[in-house]
Each structure stands twice: as structure tokens, then as C-alpha cells.
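*Asks:* Need a 3D model of the sequence below.
(2 chains)
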Amino acid sequence: MASFKPTKIQVYPKLGEKVTQDTLYWKNYKAPVQIKEFGAITNIDFSPVSPHNFAVTAFTRIHIYGPFSQEPVKTFTRFKDTAYCGRFRSDGQLLVAGCEDSVVRLFDVSGKVALRMFKGHTKAVHLTDFTSDRYQILTGSDDYTCRLWDIPSATELNNYQEHTDYIRCGVTSKLNRDLFITGSYDHTVKVFDARVDKSVMTMDHAHPVESLLLYPSEGLLVSAGGRYVKVWDLLKGGQPLVSLKNHHKTVTCLSLSSNGQRLLSASLDRHVKVYNTTNYKVVHNFDYASAILSLALAPDDESIVVGMTNNILSIKHRKSPEESKEKAEQQRRRPSYRVFVKGKNYIPKQDDYLVSKPVKQHLAKYDKQLKKFNVSKALDTALESWTRLRKPEITVAVVKELDRRGTLKNALAGRDEQWLSQFLNFLIGNLVDTRFTPVLITPAEMILDIYQSIVGQSPVVDRQLLRLHDLLEKEIDYQKDLLEVLGMLDTLFASTCPRKEVPCSGISRSNGLAQGEASSTSRPELQVT
Amino acid sequence: MAADGGRSSLQLPCVFSPKSRQYLALCAQDGRLRIWNTDSKTLHQEYVPSAHLSATCTCIAWGPCRTVKEGPQRKKRKSEAVQTEEKADLLAMGTAAGSVLIYSTAKGALHCTLDGGHSGGVNCVQWHPEDSLLYSGSDDTNIVEWDLQTGKTRSKWKADRSAVTSLCVSPDGKLLLSAGQIIKMWNLDTKEVYRKFTGHATAVTTLRFATTRPPDSNGLYFLSGAAHDRLLSVWQVREDGKDKNSVVSFTLTDEPQHIDLVASNSKDEAVRLAVVCKDGQLHLFEHFLNGPCKKPLSPSCTVQMSDTKENPMPIPLLAAAFGTDIRTVLLAYGNHLQPVMERVEINTAERHQCLTRDVQTSLSLTMETMVSKVKTPIVNANNRVLVPGVPGHHAPVKVASQGSEKRKKDTDTKEMSIAERLGEIDLSTVSTDKAAPKGMASLQTDNFAVLLVQGLESNDTNILNKVFQTRKEMVIKKTVARLPLPAVLPLVEELTKRLQGHPFMAVLMVRWLKAVLMHHTSYLASLPDLVTQLGVLYCMIESRVKMFHKLTKLHGKLYLLTTQVATSDSSNMVSDVDHTAKLVYEEESSDEDEASGDEGLPDNDSDHWEEEEMMEEEDKEEQADEEDEDPDSRTESKANGEEDMEHENESEEE
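*Replies:* This is a model prediction of the structure:
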């Protein structure tokens, strides 16, 4: 007995952006928490130790926020002027910050008053950091110098005067306590060694350098400045590896995701771009409301914190796994585990005679009706509003099946005004969709044939016919234009490879979309002819 | 008749010196005190209080003439006889900070500063006519009596529950009027309240004694004006204390700003009143104060001033004072920074007069620059005030303009950079408005090209949407033409993505694509991997136009049907007006085998779409039928023509 074959729902290629693992990962964040600060947020730094508080430098204050608090857990206000670059030490106990008044202050995270004040710079200090041995501080200032300070004695150890413009960014090596790198507005990035009195390496970024980032392995250095993000190979003596230009305004901040696989860059053009660090392609993009000045990622990418020029601090927390799971469970309720497993784990013995239970074929509602030759009802089911709006391909597949059986006309005939307007609505919505056009033209023609006589009787249907007419007119105009373009392209192709025909097969191989469409279009044509 | 001139808390203080009216003291918006000579019309002195910006001057009062310190009766005589000897000298200025400055015009410098009396801003100052005493009322609800000999407070008392906004000392120096909302009359010897007068709903801004105290006390009158009030009320101080309500009121067109008054000494002498209102009009009153009068009195004469332009603009009057002669009035008008003074003879026979003066251009220009300080002073070069017929008016103008220039320069240095930055946008819009359409297009496309490149670089959907939504062919062309070559391929990719959408939007994308292909043909042709670059696009277009043939057919069908609907509708319309029956008869008589209109169609059409030739024939028949009825059929035939054309196209392609 030949069984009923359920209607095959064609799988169409999806239009629009491709959903990749990256998009799923980076979209898995909650709606941002937004906190208004007192001024533009120039720096954000996460504490390296749990619970991973983060220090936010804005105007004359440094606020320390807990991982989930929306109020600062701690505030440092002892600045005479705008504070810059509040950074934690690797043990999370101390915090250093520069200031517009050229004094560098060192705070105990639990205290309030500065433990040490480092005076010596003559202009604003925009760069402060701890060296990896925890006993020294690196500072860089607008007076073109960068200095090393001893924490216990609060004395200046060394002074480097090689840059010829403001020093605005820098990093210290986490592996070597003597190594640090500074970036300056004189377009250069310099690698310094504290054991020597001068720089050991100089790289030209070609734009004022705004931010620097060292890979955890410290073989690669990333610099941002102007619209460019550049990657340098330090082990090869500062050879440029990649130059990325994906922003249309100055890139202000860089960050690395926790596993080191993704690089993030934030810019004044309001975007944060996520790059794959193997091929340096942009894999994701965040939009923000205002120009971004600072960006930081929590360990394990638990949250993305972004500071903007409009004084707003935006914190996005990752969705907890339970939250995303719950949703899935709500959507589909399965039978309980016991029922599901019942008898499944029984292992048949050698001499057991196995009687296979006929697997009951589950049929969709429209298939059941099709099986009973209730063509009109099947079409009704396929036109139910949820299917019609969410999965038009099902409706289209049913229409196609009806057409194949030759009963489409019967299914369409004898309907009332309401149904007709509904169907016409569906046609208006989907007729110009390239994926459905070949199938839907047939019912459209049939409708016109069948209901020709009553045209003019119902204003609703008339209006819809007029709309359909307008739509078709547009589509035809559009296709005429496309044909012209096609002609242009032909000429172009012909001029490039005069001997050959246009290699259509080669093209279609490169394009999955076109293939799918070609296959979908071919069938109805056969039927028509 | 102590210090002269009116003052209101909201207005800029502006006072004529007593009696001779030789000087006009004016405190302008910039916080400077300027004293103008009304005879020579020149700037006499200028004084900048050290805190002129933080503690602005709120009120001014001229002190009594210094050379003679006598009673009012004798003064009167003096002023007529030996006017030259008398000179108004001292000027008291109350500030918002609560101090009172005494300025000496004889020295041309600050005489002394009285402070420590008030904790709130000073609202009003009044001189005692005889003793060297000064009264000041303040926001802190107190009145302070200052002794000018020592420069200290002599006494201080709480006058009201709200701020004291106005004060007036009686001509004989025995009574003091003070007002917040309630007017109180104080006995100055005992500092006790003598009378209270209620009736004003808002803060009283003006108080003035209208008569010198006659022997019988019933004849003492004073008048008061309040903020936002268009009435001046006259109150009578009666022996029996039945003086709850005002006896007379004068109607004005707006809140009083400056009042000058010639008090009456006896019952048969009229009180003459000149009131300058906030709207810049001057009203003159003349009235005998002899008891209550129910109706509000309207002015005997109203004076307005306007400029000599084609469409005259009013020039606001600042102050007015009666001169020594009965007929003449001394007017100050125009701008606070550069008032123009003039003695005018007013013909009181006419109820309403309008004087025209040619000061408008310079005045209005300076007005603008003064009022909005942000504006860049474009008019610095021609910042001159020329008043024809007033000789010697140039000198002060220069001084004044220099002063204001300084201030403007200060603001310039701060604000030019912002103005420059922001101004570019304005400039471009202004120039586009004025420039030829071609220039406009180029300007806009320049922006668009930059925007497009930016959008493509950062893949910003907002920017791209904005750019792609333009419908102007010209803009598209120029934008594409200005596009740098490296951005061409990303643009094509973006367009390919967008071409898949709804035809309404995609039509625009095709225009862009065409423009790209036209402008960058050679560049595209030079690409070695052109086929792979544009292959996606090519295939997409091909797959889309595959259905062109069928869609066109469907369109044709629909067109026929919809026009049919239209014709049936229109025929219905016609039938509503005419008689249907008539038409039907005609139809049947002319054509036997076809019924008219809708009924004929279904029979034919059931089998009629399969073969096109049949259909066309029928169409022709129908057309022939309908041609005499309807103009629509012509378009129909055109449509059929189009169809044919399209069929041809398709055959070519295939």
C-alpha cells in the first residue's frame, strides 16, 4: 500500500544577514543598563580579581561599580581637576589615576585618601599603569615624557623624553617587569626597556595613537589611531601585520575578548566592531547612541561596558544560561522523561522475535485534509494567519501541491468576499517575493479568471485588486530596469572576456542563493508547459 | 519733590535729575551707569560699578540739590529764580546684592558705599528732602534709614511681610510711603504705621505724592502704580480715616515705566502727570484733585514715536519729564545704551500724536547686537548713531560704541570658534537657498558621497538608509561620480543585498546601480575578477526577471479588470445623473448579440484567457463598443499596445 506522501516544504535560503556563531554569541546580552555620569567617560578598567569590580573614570571622579550593582560601591573624589586612566593593580588592591593637574595619585581600593602622590610631570597625565612586579608605576603625560616611579618611596626612577607629542596611551608587559609600550600623538608607538635608558623599538602608526593593546602572549601588539587599527608583530621587530579600516571616525578604544579569539574596537562613529583574530574580518557590530570613548569587557565576557561622550555608561550583561534555556522549554513541551524513555533501553535477546511496530506517520493538518481530498479546507488551513504571516513557504507549498494535483481551481472557487480579500492580501504580500513568484502567479491568474464576473461588486476586493495592480506595475517597472542593467552587465562582461560566453554555471556555483531559486523556478515552468 | 523720576523693579532704571533736568541717569543692560547731559545731548559721565555684572543696579535716585538745603516751598522759588546755582550732585544706586552706592557727579566718582543694611536685593531708594538721610527698601522686607553723614544705618525696621518694592517720602519729609502689595504710610518721627491702603493685587512699583501737604489734611493725595496693572490709582489721606479705596484712577495702555509729576500746591491747581508705559507710549494727564471720581480717567494726550521707514516701526520712549515751560516735555527715547534726548512742544489739543524721528537704522542695529550677545558684531564698522538736527551728538556715540566694542570683543574670542564651527552648516543652508539649483545639488552630493563612503566603511545601516532613500536623479548621479574608486565595489555589494527587497525600495537601488555602471564602466571593466565580483548580482537579476513574462501577462489581465471596474463605476456615476434606461435601449438597438456593461463579460471570459488572439479580438470589439461611451477605452488600447511591446521584448531576450 503506497502511503501518503506529505507535502514537501521547500527550504528557501534566508535573505538578509547570515546568522553565525558569532552573532549568536554577541547577541546573547541583555538590554543595557545605562548610568549617567558627571562627565565624558574616558576610561574603564576591570579589576583582575574576583568579583571583578570595574573602575569608571569620568570627569573629576572615579567610580567603582560592582559586577551587578547599578550604584557605585566606591567613589574617589579627591581630584582637583579631571581625572584620567584609573587602573587596578594586578592584585586588585591598588588603583592609580592621572589628573589634569599633572599629579598622579595612588589609592588603596578600600581607602579614600591618596596613599601616594607622584609629582613631577608638568602637564596633564593621561596614562598610568602598574608594572608587572607591582612595585612600579608607569605614567605618560602631555609634557611629552613618560616616567617610571617607585611606589614605596614615591620617587621618580626614570624619565623618557623620546616622544615629540602628547602621550595618551600605553601598556605594560605582564610577563616582563621592565618592558612597557607607549603610544603618542606624534604617530609613533615606542617600546621601552627599563634596563636601558632609551626605546628599543619604534613603530610608525601614521596617525595619532589613541589606544594600545597587547595580546596575552605578548607577541602581537594592536594600536588604534585615526580610523585605523593596526596589528604589529613584536617578535619580528615591529613588523606591521594587518591594517584594519572599518570605522569612519577615530578609533578610541581596543579590547580583547576573554579567550583572545575576538578583538573589539570602539570608535567615535558610535560603533563597536568585533573582529576575528585569525582572519581579522568583522564578525559582529554593536551600535550605540553616542560617540564611544572607552570600552571594557568583563572576564569571561560576562558584560560589555561602554563609556560615551554624552556621559552615559552602558553596561550589557550576558544572559544567564537558565534564562535562555527557560525560553526554549516554554516553547516546546515534551512528554516527561519516563514516558519518553519507556522501553527504549530494553536490549533484545538473541532469540527474540522482533515485531516492528508501524511508526505512525505524523501529518500536519493541511496534509491530513489533503489526504482526504478536502482541497478547500487544506488551503484554508494553510492560510491560517500564523502560517500565512510567519511561514509563507508552507502556504506556498500547499498551493503548489494543489496546483500539481490540478485541483487548485476547485480550491479557489466558491469563496466569499472575506476569504477572497484575505487571499488577495497574501498575494499582495508575497507575489513579488522572488522565491514565491513562480508558484503564486498561477493562483493569481485563476482568481482573476474565476471571479471576473463579480469584479466591481465588492469595494474591498476591488481595492485589493487595485493594490495588486499597482504592485505589479512597480514590479514590472523594476524588472524592466533590471533588464536594462542586465544588458549593461552583458556588455561589461563581453568587453572583459570577448571570446567566452558569460559563464553562468561558474557564477551560480559561487552563489547558493541563485541556485536555490533556479531549482525552485524550474519546476512550475515545466508544469505550465 | 525730592528725588525725581520713576522706577520699576522690572525695568532698567532711568531717571532725570530734579528741577533743571540737566542730566539723565541711566543704567543699561551692561550694568554701567551713564549720565547724559540733556542740554548738549552728550554723554556726561560713565561709571562702571566694580560688581556691575554680579550685583546689577536695580534702582537710581537723584539726591536733593546740594547747594541749597531748604524746604520745598523755598526750593520752588529757588528753582524759578536762581536755577544755575543749584546742581544735582549725588546719585544713590541700589544693587541686587543689597548695598547702596552713592555716586557723585561733581567728583565723577563713587562717593561712598553703604552696605551691611540689607540681606536681600535693594528694590528702591529714596532721599529725604531735607536731612541727609536715605531710605531703602529691600527684598528682605526691611526698610533701612541711612545716615549719610556717618555712612551707617540709623534705623531699620520690618515694613511688610513681603518684599518692599517701592518707597516715597512726603515733600515735607514727615511721612514715608512704603509698599509691597499693601501700601503703608509711616510716621517718620515715630516709625509707626499711620495708615494702610489696600487695593493692588500685584507688587506696587510706583508711589508718588501728588500734592504738597495743605493745612487741612484732607487734601493730601498720592498715586500708586503696580506691576502688570494698567491703572494708576490716586489715594486720598483723610482725617476721618475713611480712605479705604482709591479716589481716582488713570488708565494707561500698559504697565507704567516712568512717571513725572508736577504736584499741585493748592486746590485750584491741576496735577500734571506724564507717564511712559512699558509699550513705549507717553500719556499726559491733567486733573484737579478734589475728591473721588468714579470713572477712570483717560489721558488728555498720548504721544508715540516712530521711525521714517516705509513701514514705520515704533521707537520706544524711555522717559519723559516736564520742562520749565508748561508746553514742553523732555523726552528720552530709543535704546538704553544710546538714548536720544529731545525737548518737544506738545500740542495738547490733539488727543493722539505720533512723532517721526530718523534714528531707526542705527538704533535697530545696535539693539540687535546688544540684546543677543551671542551674535557676532557684524555692524562694528558702521556702528554709529546719527541723529539729524542734533548737533554734537557724535562724541558720546563714539565713547559708547568703544565701550560696547570692548565687551563684544571679549565675547567674540570665546564664541567665534563655536560660531565658526556651527556657522558652516548655516552657511551651507543659506547658500543653498540662494544659490542656483546646480550649486545646491553639488553641495548636497558632496555630503552624500562622504556619507556613503562612511556608511560603507563602517557598515552603518542608518547612514546607508539615509543616503539610499534619495529620489533625485541628479543627486544620485553626482554622488556616484564623486565616489572614490575603492568604495565602488563595496557599494555594488551593498546594492546587491538591497536589490532583493520590495520593488518600492528596490527601484531606487536600481537607479544607483545604473549610475554606478555608467560612471565607473572603465574601472569595472578593468577589474580582472569582474565576473566573480558581479556574478552574484548578475544571477540575482536573472532569476528575478525570469518571471517577467508571466507577471506582465498577469498585469495585463488585472489592468483590464480594473479598468472595467473603473468604467462600470463611471457608468454608474453617469447613470446616477442621467437615466439608465436610456443608455440600455441605445445599446441594444445598436448591438444585438452583446448585452451592455458587466453582464456581457463573464460569458465571454470563461474561456478567453487561454488564447491571446481571441482575447485581443474581443478586446477590440469591446473597445469598439465602448469607445462612444468612455474615454477610458483609449488608455486601455494603449495598455494593449504596451503588452504587445513587452511580448516582443521578451522574445528578444529569450
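*Asks:* Mind listing what's buried along the one helix or strand residue B:533 maps to?
*Replies:* In the assignment (DSSP states H and E), residue B:533 maps to helix B:530-545. Judged by neighbour count using 16 or more other Cβ atoms under 10 Å in any protein chain shown, the buried positions of helix B:530-545 are B:530-531, B:534-545. Heads up, the C-betas are built off the backbone N, CA and C, glycines and all.
*Asks:* next one: stretch A:214-228
*Replies:* Of the residues in stretch A:214-228, those buried (16+ other Cβ under 10 Å) are A:214, A:218, A:220, A:221, A:222, A:223, A:224, A:225, A:226, A:227, A:228.
*Asks:* Send over it as PDB, restricted to the C-alpha atoms.
*Replies:* This file holds the C-alpha atoms of stretch A:214-228, laid out as PDB (Å, rounded to 0.1, in the frame of the first residue of the first chain):
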ATOM      1  CA  LEU A 214      49.000  43.600  24.000                       C
ATOM      2  CA  TYR A 215      48.000  40.100  23.200                       C
ATOM      3  CA  PRO A 216      48.200  37.700  26.200                       C
ATOM      4  CA  SER A 217      51.100  36.000  24.500                       C
ATOM      5  CA  GLU A 218      52.700  39.500  24.000                       C
ATOM      6  CA  GLY A 219      53.900  38.600  20.600                       C
ATOM      7  CA  LEU A 220      51.400  40.900  18.900                       C
ATOM      8  CA  LEU A 221      50.600  44.500  19.600                       C
ATOM      9  CA  VAL A 222      47.400  46.200  18.500                       C
ATOM     10  CA  SER A 223      47.400  50.000  18.100                       C
ATOM     11  CA  ALA A 224      44.400  52.200  17.300                       C
ATOM     12  CA  GLY A 225      44.600  55.700  16.000                       C
ATOM     13  CA  GLY A 226      42.800  57.700  13.400                       C
ATOM     14  CA  ARG A 227      40.400  55.400  11.600                       C
ATOM     15  CA  TYR A 228      42.900  52.600  11.600                       C
END
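*Asks:* I'd like the average pLDDT over it.
*Replies:* Confidence over stretch A:214-228, taken as the mean pLDDT, stands at 90.
*Asks:* And the buried residues of helix B:530-545, which is closest to residue B:34?
*Replies:* residue B:537 (75.7 Å; Cβ to Cβ).
*Asks:* Quick check: closest non-adjacent residue to the closest one.
*Replies:* Taking Cβ to Cβ, 6 or more residues apart in numbering or on different chains as the measure, residue B:537 lies nearest to residue B:496, with 4.6 Å between them; neighbours along the chain are not counted.
*Asks:* Check for me that the one you found belongs to a helix.
*Replies:* Yes - going by DSSP: H, G, I helix; E, B strand; the rest coil, the assignment for residue B:496 places it inside a helix.
*Asks:* Quick check: the residue nearest the centre of chain A vs residue B:463, distance?
*Replies:* Taking Cα atoms, centre = their mean, the centroid of chain A lies closest to residue A:284, which sits 3.1 Å from it. With distances taken as Cβ to Cβ, to the nearest Å, residue A:284 is found 18 Å from residue B:463.
*Asks:* before we move on, what about residue B:551?
*Replies:* In this structure, residue B:551 and residue B:463 are 34 Å apart, going by Cβ to Cβ.
*Asks:* what does residue A:192 give?
*Replies:* Spatial separation of residue A:192 from residue B:463 under the definition Cβ to Cβ is 41 Å.
*Asks:* now residue B:350
*Replies:* In this structure, residue B:350 and residue B:463 are 68 Å apart, going by Cβ to Cβ.
*Asks:* For chain B, what is the nearest residue in the stretch 351-500 of chain A?
*Replies:* When distances are taken as Cβ to the nearest Cβ, the stretch 351-500 of chain A approaches chain B most closely through residue A:453, which lies 3.6 Å from it.
*Asks:* What's the local residue count around that residue?
*Replies:* Other residues within reach of residue A:453, judged by other Cβ atoms under 10 Å in any protein chain shown, total 15.
*Asks:* Is it located within a helix, as I assumed?
*Replies:* Yes - with the criterion set as three-state DSSP, the secondary structure at residue A:453 is a helix.
*Asks:* pLDDT wise, what is it at?
*Replies:* The model's pLDDT for residue A:453 equals 82.
*Asks:* Domains in chain B, by residue range?
*Replies:* Taking the TED database as the criterion, chain B consists of the domains B:14-67+B:87-357, B:446-546.
*Asks:* wait, I meant chain A
*Replies:* Chain A breaks down by the TED database into domains covering A:22-319, A:369-488.
*Asks:* Dump those domains to JSON lines, plus distance to residue B:104.
*Replies:* What follows is the domains of chain A, written out as JSON lines (distance: least, Cβ to Cβ, whole Å):
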{"stretch": "domain A:22-319", "distance to residue B:104": "45"}
{"stretch": "domain A:369-488", "distance to residue B:104": "86"}
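*Asks:* Tell me which of these lies nearest to residue B:133.
*Replies:* Taking Cβ to Cβ, domain A:22-319 is the member of these nearest to residue B:133, at 50.2 Å.
*Asks:* at contact distance from chain B, anything in the closest one?
*Replies:* Yes - when contact is scored as Cβ under 8 Å from any Cβ of the partner chain, part of domain A:22-319 falls within range of chain B: A:227, A:245-249, A:267, A:269-271, A:273, A:282, A:285, A:287.
*Asks:* what residue ranges in the stretch 401-550 of chain B score low on pLDDT?
*Replies:* The model of the stretch 401-550 of chain B has pLDDT under 70 over residues B:401-446.
*Asks:* residue boundaries of the helices in it?
*Replies:* Across the stretch 401-550 of chain B, reading from the start of the chain, the helices by DSSP state H, counting those that start in this stretch fall at B:437-458, B:461-468, B:473-482, B:488-499, B:503-519, B:521-526, B:530-545, B:548-577.
*Asks:* Would you format those helices as CSV with distance to residue A:302 included?
*Replies:* As requested, the helices of the stretch 401-550 of chain B are exported to CSV (distance: least, Cβ to Cβ, whole Å):
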stretch, distance to residue A:302
helix B:437-458, 27
helix B:461-468, 28
helix B:473-482, 44
helix B:488-499, 34
helix B:503-519, 40
helix B:521-526, 47
helix B:530-545, 39
helix B:548-577, 53
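*Asks:* which one of these lies closest to residue B:19?
*Replies:* Residue B:19 sits nearest to helix B:437-458 of all the helices of the stretch 401-550 of chain B, at 65.3 Å, using Cβ to Cβ.
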